[in-house]
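S.K.: Provide a 3D model corresponding to the input given below.
(one chain, ligands or ions: 2)
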Amino acid sequence: MKDILDAIQSPDSTSEDFANIKLPESYRAVTVHKDEQEMFAGLSSRDKDPRKSLHLDDVPLPELGPGEALVAVMASSVNYNSVWTSIFEPVSTFGFLERYGRLSELTKRHDLPYHIIGSDLAGVVLRTGPGVNAWKPGDEVVAHCLSVELESSDGHNDTMLDPEQRIWGFETNFGGLAEIALVKSNQLMPKPDHLSWEEAAAPGLVNSTAYRQLVSRNGAGMKQGDNVLIWGASGGLGSYATQFALAGGANPICVVSSPEKAEICRSMGAEAVIDRNAEGYKFWKDENTQDPKEWKRFGKRIRELTGGEDIDIVFEHPGRETFGASVYVTRKGGTITTCASTSGYLHQYDNRYLWMSLKRIIGSHFANYREAWEANRLIAKGKIHPTLSKVYSLEDTGQAAYDVHRNLHQGKVGVLALAPEEGLGVRNEELRAKHIDAINRFRNI
Ligand SMILES: C/C=C/C(=O)SCCNC(=O)CCNC(=O)[C@H](O)C(C)(C)COP(=O)(O)OP(=O)(O)OC[C@H]1O[C@@H](n2cnc3c(N)ncnc32)[C@H](O)[C@@H]1OP(=O)(O)O
Ligand SMILES: NC(=O)C1=CN([C@@H]2O[C@H](COP(=O)(O)OP(=O)(O)OC[C@H]3O[C@@H](n4cnc5c(N)ncnc54)[C@H](OP(=O)(O)O)[C@@H]3O)[C@@H](O)[C@H]2O)C=CC1
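M.R.: Ligands and ions are numbered 1, 2, ... in the order given. Okay, the predicted model is just below:
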């Protein structure tokens, strides 16, 4: 591992040098264990502790297949899907690995008694498999998390529609929270050169998801002037949705749960911010009954902030807790676009407000190859910025996931893998200097 790190840190290393490095037989990786998938049985979601289920193990290097690449991971980040994996909810991810393993001889490699998690990385290509021409050892890259087989025509127009669509590091093995990761080479994209390793690893998954969900024609197709209601506007997805709304000339109405989070939204440039905690919305009277009066109070507050207008697009992900309110506050003909259900996936809403007002609900999930590439391009050009707050070591990934599970974090939480310290890997100081305040906006808050 030392030879790999030395080569990455030497400005004189050539692609040949990387190709000649002898790869280690094993590497350190964050895992969950199949024989522990029942460990939290009977506990409430809140009490399931990722620090107990996430392990840092030495694991054997997987065999490299056609169209694949092995990447030295300098940094990764925590996504909520790793929280779901670590608490074995809504389902254990070992079922995904078993199903993938049944597909072919090559995919059998993924069906193991341990699951190496993580769906983001920034690092350096070490080896490429047969048939890979676009990338070579030594290339500095980030990886998006869409894994598809592309053998069916269903996915040829929009790669998210492939019947064998999987999220790498969640529904496949060999993810990014590790010193080395295995990806399909078409997951690779150029690392934005003005960012450090940990900054470059932070946006990937959430930035691409927010891009499809909000901007792409496959999602809400946001346009200038739209009022966009953004739940969790300083969180992982929300901090990118807010930037897309502002950069695209829309009007974000940011919902957060503390004055600190409200302040960070304002510092991004948002003017309309709702502190849901301070204003005490209670959309549910009890576990089964919603309170339409509270939807209305929320809608009135939105009208105050917009000068009397209703919402064109709701950027939904909290799910059960907020969905009824989201449908209600959307204007006639407006769109509710959803990619998750953090607070519960069995939603309840009053359908009269949907059909009578010709609203639409759009399901959205990650991003296709092209959307992921376009979202990364915006980061590389300094149009959208990482929202990295805190950075942990690989050893402390359990704590990092715990913070996200308990909503103790802001923006994105990073993890250093091979990078010995923060701040390394910047190749374009000029572009960085231009955007340094925006790049650091979320740091250490
Ligand atoms: C990028 C980051 C993203 C995120 O963070 S997203 C948040 C985290 N993700 C999640 O929470 C999602 C986790 N996944 C799940 O909960 C489950 O994964 C799903 C509910 C999505 C799917 O459930 P399942 O049981 O795995 O799959 P089935 O599609 O229901 O297939 C089971 C069997 O049911 C059959 N089936 C499917 N559709 C139909 C139909 N319309 N009519 C009849 N049968 C159907 C299938 O074929 C299959 O059958 P056979 O077991 O024999 O293979
Ligand atoms: N389908 C897909 O492709 C993707 C799905 N996801 C899913 O989206 C969800 C959010 O991910 P991410 O943004 O990274 O997570 P974060 O935890 O970083 O941010 C979510 C934010 O949502 C807000 N929130 C949480 N619970 C509630 C609630 N009950 N009511 C209102 N607001 C709430 C919180 O903000 P505050 O407290 O300030 O209001 C929180 O900061 C997860 O379930 C994740 O698995 C994520 C990425 C891709």
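S.K.: residues of the stretch 201-350 of the chain that sit close to ligand 2?
M.R.: Taking C-beta under 6 Å from any ligand atom as the contact definition, the stretch 201-350 of the chain meets ligand 2 at 205-206, 209, 231-232, 234-238, 255-257, 261, 276, 317-318, 321-322, 339-340, 342-343. Bear in mind the C-beta positions are built from the backbone N, C-alpha and C, glycine included.
S.K.: out of those, which are inside strands?
M.R.: When DSSP state E is applied, those are split such that 255-256 fall in strands.
S.K.: of the residues of the stretch 201-350 of the chain next to ligand 2, just the buried ones, ChimeraX syntax please.
M.R.: Buried members of those can be picked out in ChimeraX with the line below, counting by 16 or more other C-beta atoms under 10 Å:
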select :205,206,209,231,232,234,235,236,237,238,255,256,257,261,276,317,318,321,322,339,340,342
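S.K.: my guess is Glu395 meets Leu56, correct?
M.R.: Yes: with contact defined as C-beta atoms under 8 Å, Glu395 reaches Leu56; the gap is 5.7 Å.
S.K.: how about the residue in the chain sticking out farthest from the centre, phi and psi?
M.R.: Most distant residue from the mean C-alpha position of the chain: Met356, 34.5 Å away (C-alpha atoms, centre = their mean). The phi and psi values for Met356, taken as degrees, to the nearest 10, are phi -70, psi -30.
S.K.: and the longest strand seen in the chain, C-alpha only, in PDB?
M.R.: The longest strand of the chain (DSSP E) is strand 68-78. Taking Å, rounded to 0.1, in the frame of the first residue of the first chain, the C-alpha atoms of strand 68-78 are listed here in PDB:
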ATOM      1  CA  GLU A  68     -13.700  -3.200 -14.800                       C
ATOM      2  CA  ALA A  69     -11.100  -1.100 -12.900                       C
ATOM      3  CA  LEU A  70      -9.300  -1.400  -9.600                       C
ATOM      4  CA  VAL A  71      -9.000   2.100  -8.000                       C
ATOM      5  CA  ALA A  72      -6.800   3.200  -5.100                       C
ATOM      6  CA  VAL A  73      -9.300   5.100  -2.900                       C
ATOM      7  CA  MET A  74      -7.800   8.300  -1.400                       C
ATOM      8  CA  ALA A  75     -11.200   9.400   0.100                       C
ATOM      9  CA  SER A  76     -14.800   8.400   0.200                       C
ATOM     10  CA  SER A  77     -17.900   9.800   1.900                       C
ATOM     11  CA  VAL A  78     -20.800   8.600   4.000                       C
END
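S.K.: and the next helix or strand past it?
M.R.: helix 80-86 (DSSP states H and E).
S.K.: from the contact counts, what lies against that following helix?
M.R.: Helices and strands touching helix 80-86, by 3 or more C-beta pairs under 8 Å, 6 or more residues apart in numbering; DSSP states H and E, are helix 50-53, helix 397-405.
S.K.: now do 10 Å
M.R.: Where contact means 3 or more C-beta pairs under 10 Å, 6 or more residues apart in numbering; DSSP states H and E, helix 80-86 is packed against strand 26-33, helix 50-53, helix 204-210, helix 397-405.
S.K.: relative to ligand 2, how far out is the closest residue to Ile362 other than its chain neighbours?
M.R.: Excluding its sequence neighbours, the residue lying closest to Ile362 (C-beta to C-beta, 6 or more residues apart in numbering) is Thr337, at 4.5 Å. Thr337 sits 11 Å away from ligand 2, taking C-beta to the nearest ligand atom, to the nearest Å as the criterion.
S.K.: three-state assignment of Thr337?
M.R.: strand (DSSP: H, G, I helix; E, B strand; the rest coil).
S.K.: wait, it sits on Leu214?
M.R.: Yes: between Thr337 and Leu214 a contact is recorded at 6.9 Å, counting by C-beta atoms under 10 Å.
S.K.: looking only at neighbour counts, state which of those two leads.
M.R.: Leu214 (29 against 25; other C-beta atoms under 10 Å).
S.K.: contact partners for the more buried one?
M.R.: Leu214 sits next to 220-222, 226, 228, 230, 237, 240-242, 244-245, 248, 250, 252, 313, 315, 335, 337, 339, 364 when contact means C-beta atoms under 10 Å, 6 or more residues apart in numbering.
S.K.: you'd agree it is in a strand?
M.R.: No: Leu214 is assigned helix when assessed by three-state DSSP, not a strand.
S.K.: how about the residues of the stretch 301-445 of the chain by ligand 1?
M.R.: Counting by C-beta under 6 Å from any ligand atom, the stretch 301-445 of the chain sits next to ligand 1 at 340, 366.
S.K.: where do the strands sit along the stretch 301-445 of the chain?
M.R.: In the stretch 301-445 of the chain, the segments counted as strands under DSSP state E, counting those that start in this stretch are 311-316, 330-338, 360-363, 388-393, 412-416.
S.K.: any chance of the ones you listed in TSV with mean pLDDT as columns?
M.R.: Below are the strands of the stretch 301-445 of the chain laid out as TSV (pLDDT from 0 to 100):
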stretch	mean pLDDT
strand 311-316	98
strand 330-338	98
strand 360-363	98
strand 388-393	98
strand 412-416	98
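S.K.: adding distance to Glu140, write the ones you listed out as JSON lines.
M.R.: Listed next are the strands of the stretch 301-445 of the chain as JSON lines, based on distance: least, C-beta to C-beta, whole Å:
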{"stretch": "strand 311-316", "distance to Glu140": "32"}
{"stretch": "strand 330-338", "distance to Glu140": "33"}
{"stretch": "strand 360-363", "distance to Glu140": "34"}
{"stretch": "strand 388-393", "distance to Glu140": "18"}
{"stretch": "strand 412-416", "distance to Glu140": "16"}
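S.K.: hang on, isn't the residue farthest from the centre of the chain packed against Lys332?
M.R.: Yes: at 8.8 Å, Met356 and Lys332 qualify as touching, with contact defined as C-beta under 10 Å.
S.K.: what's the spacing between the residue nearest to Arg331 when sequence neighbours are not counted and Phe298?
M.R.: Once flanking residues are discounted, Arg331 sits nearest to Asp310: 3.6 Å by C-beta to C-beta, 6+ apart. In this view, Asp310 and Phe298 are 11 Å apart by C-beta to C-beta, to the nearest Å.
S.K.: over to Phe244?
M.R.: From Phe244 to Phe298 the distance is 23 Å (C-beta to C-beta).
S.K.: Glu395 and Leu56: which is more packed in?
M.R.: Shown here are Glu395 and Leu56; by other C-beta under 10 Å, Leu56 has more neighbours (17 against 12).
S.K.: that's a strand at the more buried one, yeah?
M.R.: Yes: counting by three-state DSSP, Leu56 is part of a strand.
S.K.: just grab the bridge partners of it for me.
M.R.: Val30 (DSSP bridges).
S.K.: mind checking pLDDT for it?
M.R.: At Leu56, the pLDDT value in this model is 98.
S.K.: I'd assumed Leu177 was in contact with it.
M.R.: Yes: when contacts are counted by C-beta under 10 Å, Leu56 is listed as touching Leu177 (9.2 Å).
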